[in-house]
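Undergrad: whatever this is, show me its structure:
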Amino acid sequence: MNGPELRQILTKRNISVNELAEKLNMSQPNLSNQFRVQDVKSGVLERICDALDVKMDFFYEGTKYLDDSSSLDNSLGLDHLDERPTEGMSDNDKDKEISYLRGQIKVLEKINEKLLNKTQTVGQSVTYKKKHA
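TA: Down below sits the predicted model:
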């Protein structure tokens, strides 16, 4: 999640920067800096969640997460590949399923983007160390 997205969500929920800064026990300018970054750190989001007494999905507009991640296939939704889950479903249920899957895709895209950014950063660091060793 980036800073502008964070600001938009808080504005939509009528949460002021001053109010949130006070709850986080930080200055308003320091909190405002978070609205300018490309990637708000998960630790900052966790502190905000604690201050507002909300779960992390508050920032992902109610994106549903899989409840049972006991196996990799189940957590990725792969255990249903051979089934035809839409047979007998109403159009309303199909729309809900599509909405849920779109939310999952968004979350996975964000995770993928963060992992790619970390990989690039690590790669640059290794290259720098090799050149200057």
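Undergrad: all helices of the chain, in order?
TA: Under the criterion DSSP state H, the chain contains helices at 3-12, 17-24, 28-34, 42-52, 72-76, 91-131.
Undergrad: may I see the buried residues of the third one?
TA: The neighbour-count criterion (16 or more other C-beta atoms under 10 Å) identifies 31, 34 as the buried residues of helix 28-34. The way it works is simple: take the backbone N, C-alpha and C, and place the C-beta from them, glycine included.
Undergrad: remind me what that helix packs against, helices and strands.
TA: Contacts defined by 3 or more C-beta pairs under 8 Å, 6 or more residues apart in numbering; DSSP states H and E place helix 28-34 against helix 17-24.
Undergrad: what comes up buried for the helix it packs on?
TA: Buried residues in helix 17-24 (16+ other C-beta under 10 Å): 17, 20-21, 23-24.
Undergrad: ok, stretch 91-105 next?
TA: Buried residues in stretch 91-105 (16+ other C-beta under 10 Å): 103-104.
Undergrad: likewise for stretch 44-55?
TA: For stretch 44-55, using 16+ other C-beta under 10 Å, the buried residues are 44-45, 47-49, 51-52.
Undergrad: residue ranges with poor pLDDT in the protein?
TA: 1, 59-86, 119-133 (pLDDT under 70).
Undergrad: again, 80 this time
TA: 1-3, 5, 35, 37-40, 42, 54-89, 92-96, 100, 118-133 (pLDDT under 80).
Undergrad: distance-wise, check Gly103 relative to Glu109.
TA: 11 Å (C-beta to C-beta, to the nearest Å).
Undergrad: same check, this time on Glu46
TA: 21 Å.
Undergrad: can you check Asp95 too?
TA: Taken as C-beta to C-beta, the span from Asp95 to Glu109 is 21 Å.
Undergrad: re the thing from before, now the buried residues of stretch 44-55 in a markdown table, with distance to Asn33?
TA: Output for the buried residues of stretch 44-55, formatted as a markdown table (distance: C-beta to C-beta, whole Å):
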| residue | distance to Asn33 |
| --- | --- |
| Val44 | 10 |
| Leu45 | 15 |
| Arg47 | 14 |
| Ile48 | 14 |
| Cys49 | 19 |
| Ala51 | 17 |
| Leu52 | 19 |
